[in-house]
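In: Here you go, sequence then predicted model.
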Amino acid sequence: MTSVEFFPNNAGPWQAEHVEFNAHISSAAGPEPLERLKAKIAPGAIHDSIERSDSPKCAPETRVAAQNNLYGWIIDGDGSHEQPKNIKWVTGPAGSGKTAVMGSLSKRCKEGGVLGATFFFSSWSGSVGRRRKTPFVATIAHQLAQYHPDLRENIATAVNENPDVFEKTLETQMEVLVLLPLQRIPRPVNEPGLRGAIIIDGVDECEAEQYHEAAALGSKSTSPPLRTKEQDQLEILQALQFASADPSFPFRILIASRPERVFREFFNPKLESFPFARKVDLHEDYNADVDIAVFLTAELSRIRDRYNLPESWASPDIVRALVEKASGQFIYAATVVRALEMGSQGRPEASLKAILSGKSNQKATSNPLEQLDVLYSHIFESSPDALLSVRWIRGIHTINQSVLPNEHYPRPVSVVNMLFQTDPESSEAEYLLGPLRSLIRIPPPSDQRTTGYDFYHKSLLDFLEDPDRCGRLYIEEEERNSFIWGQFNLACIKF
């Protein structure tokens with residue numbers, strides 16, 4: 001604080017007034033560098049943010065093996081000293097529990113003092129920052145500044161020295177805000193250095209960000225092509241790869257996403273240009289049925305006690321039936337529990353009966369599977385032609401159901417594609433179904449003459465067969481049969 005004497009109109013000491021004001025340099029020069037950094041982050045994307053307070057978490061005694069595997073890799077790596085593999089991909093179809101595992105793992109890492117930073121993308125979030133790449137690096141740097149005092153000082157210096165860094169590419173931001181500060185930290189020879197984890201979830205939910213306005217009114221020039229979400233997702237992956245390749249970067253990176261094309265290609269193990277740790281597939285590598293049964297048994301017991309239901313309610317047979325319907329997808333089990341807890345919209349007995357029957361009981365439960373339906377609808381809308389992709393899926397199911405005893409089940413992909421594709425040589429199948437890989441298992445090209453399409457979720461077909469649940473995606477049986485027979489007749493003509 002500073003005080004001065006004030007003499008009105010230079011008239012001498014008529015009446016002195018004391019005026020106080022702040023003399024902090026930041027008042028003249030603008031906010032402190034770390035405050036400028038904080039203004040660019042997506043606070044809701046951090047694992048323990050208020051926005052994520054209701055996000056899925058692993059129930060007690062579930063997903064223990066997967067969490068132990070990932071935590072062990074963070075602490076001990078993969079045993080390779082010559083060429084350490086510091087990026088691991090965690091994948092699985094929609095609803096397999098990726099976000100719950102990443103959230104619980106983040107908490108465990110923080111409690112263990114090895115959590116560097118997190119970012120949880122969400123295309124459903126009300127916060128734009130969780131749906132865009134723009135705040136990604138700033139959010140990581142903001143957390144790293146709190147992780148280590150030397151990093152805090154160095155990151156602040158980097159922001160001061162590069163005031164326009166937030167307008168740069170993700171790779172440049174990563175170099176300026178993360179790598180340069182790390183390189184400036186002294187590295188004692190006989191003391192352990194920094195280590196820890198950077199956990200990124202839901203990169204497949206990052207939406208495209210456009211940099212160009214539409215052509216100005218009256219302008220004859222055309223607008224630049226729109227950027228795709230896959231381009232932005234790839235830029236995020238490349239920025240993380242760029243950081244991991246730097247010798248000064250001490251963190252192990254976990255990236256969780258659905259098995260969409262951009263991730264399958266980026267993490268392709270046949271590409272040896274960059275070493276990735278062995279991927280973890282939560283659906284293929286772990287049998288989730290036991291964990292789902294544990295979860296359902298505990299939750300149904302709690303609901304039974306709340307409503308004073310008889311001991312026979314939600315018996316082991318009921319739990320087994322629900323586990324079978326879940327098909328390894330935790331989201332189904334979690335949605336069932338939420339539906340049964342909606343006491344204001346129907347007693348648990350009616351809700352459970354509706355769920356087991358595969359139909360939505362509008363009067364009693366107002367669609368007890370609403371959350372699952374929202375997820376399915378969201379995924380279908382990612383297909384370039386949602387209705388045609390539904391026709392394909394309904395057609396695939398019909399054809400698979402029509403196999404006779406001792407015939408191959410399901411029909412090989414090559415047979416289905418020959419029937420449904422308008423051009424036998426086209427990539428229409430991949431074009432339509434590729435974005436739906438989190439719902440439908442598509443064999444690699446080398447296996448498509450002997451292996452058929454298969455569905456991850458048994459409840460998917462229940463969804464598509466109920467017009468009250470799938471809305472505009474519903475296709476009448478007559479229309480479905482017309483599509484199948486129409487394609488069959490075309491195939492006969494072609495061949």
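Out: It's in. This structure is a prediction, so every number in the text was calculated from the model and none was measured.
In: Only C-alpha atoms from now on, for both contacts and neighbour counts.
Out: Noted.
In: element containing Ile119?
Out: For residue 119 the amino acid is Phe, not Ile. Under the criterion of DSSP states H and E, Phe119 resides in strand 115-120.
In: quick one: secondary structure of the residue nearest to Lys98 when sequence neighbours are not counted?
Out: The spatial neighbour of Lys98 that comes closest, neighbours along the chain excluded (C-alpha to C-alpha, 6 or more residues apart in numbering), is Ala256 at 6.6 Å. At Ala256 the chain is in strand, as set by DSSP: H, G, I helix; E, B strand; the rest coil.
In: residues contacting Ala256?
Out: 89-91, 98-99, 102, 200-203 (C-alpha atoms under 8 Å, 6 or more residues apart in numbering).
In: Using CSV, list the CA coordinates for stretch 96-112.
Out: What follows is stretch 96-112, C-alpha atoms only, in CSV (Å, rounded to 0.1, in the frame of the first residue of the first chain):
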residue,chain,number,x,y,z
SER,A,96,-17.8,-51.5,-20.6
GLY,A,97,-16.7,-49.3,-17.7
LYS,A,98,-13.8,-47.4,-19.1
THR,A,99,-14.7,-44.1,-17.4
ALA,A,100,-15.4,-45.8,-14.1
VAL,A,101,-12.0,-47.5,-14.1
MET,A,102,-10.2,-44.4,-15.1
GLY,A,103,-11.9,-42.4,-12.4
SER,A,104,-11.2,-44.9,-9.7
LEU,A,105,-7.6,-45.3,-10.9
SER,A,106,-7.2,-41.5,-10.8
LYS,A,107,-8.3,-41.4,-7.2
ARG,A,108,-5.9,-44.3,-6.3
CYS,A,109,-3.0,-42.6,-8.0
LYS,A,110,-3.7,-39.3,-6.2
GLU,A,111,-3.8,-41.1,-2.9
GLY,A,112,-0.5,-42.7,-3.8
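In: Pull the contacting residues for the residue nearest in space to the middle of the chain.
Out: Residue closest to the mean C-alpha point of the chain, counted by C-alpha atoms, centre = their mean, is Gly202 at 1.8 Å. With contacts defined as C-alpha under 8 Å, 6+ apart, Gly202 is in contact with 99, 120-122, 255-258.
In: try 7 Å this time
Out: Taking C-alpha atoms under 7 Å, 6 or more residues apart in numbering as the criterion, Gly202 is in contact with 120-122, 256-257.
In: Columns pLDDT, secondary structure and distance to Leu464 on top of the contacts of Ala256, output as CSV?
Out: Formatted as CSV, these follow (pLDDT from 0 to 100; DSSP: H, G, I helix; E, B strand; the rest coil; distance: C-alpha to C-alpha, whole Å):
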residue, pLDDT, secondary structure, distance to Leu464
Trp89, 98, strand, 31
Val90, 98, strand, 28
Thr91, 96, strand, 25
Lys98, 94, helix, 24
Thr99, 93, helix, 25
Met102, 97, helix, 30
Ile200, 98, strand, 32
Asp201, 98, strand, 28
Gly202, 95, coil, 25
Val203, 97, helix, 27
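In: Any regions of the stretch 1-150 of the chain where pLDDT drops low?
Out: Applying pLDDT under 70 to the stretch 1-150 of the chain flags the ranges 1-31, 79-83, 126.
In: What ranges does it have for its strands?
Out: Taking DSSP state E, counting those that start in this stretch to define them, one finds strands in the stretch 1-150 of the chain at 2-6, 17-21, 87-91, 115-120.
In: re the thing from before, any chance of a PyMOL selection covering the buried ones in the contacts of Gly202?
Out: To isolate the buried ones among the contacts of Gly202 in PyMOL, judged by 16 or more other C-alpha atoms under 10 Å, type:
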select buried, resi 120+121+122+256+257
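In: Determine which two of the contacts of Gly202 are furthest apart.
Out: Ser122 and Ala256 (12.1 Å; C-alpha to C-alpha).
In: now the residue nearest to the centre of the chain: how far from Asn162?
Out: Using C-alpha to C-alpha, to the nearest Å, Gly202 is found at 30 Å from Asn162.
In: Next: Ile75.
Out: From Ile75 across to Asn162, the span is 34 Å (C-alpha to C-alpha).
In: ok, Thr139 - how many residues close by?
Out: Neighbour count for Thr139, taken as other C-alpha atoms under 10 Å: 24.
In: How about the one 5 residues further on?
Out: As a burial measure, the neighbour count of Leu144 was computed by other C-alpha under 10 Å and equals 24.
In: How about Ala145?
Out: Neighbours of Ala145 under the rule other C-alpha under 10 Å: 22.
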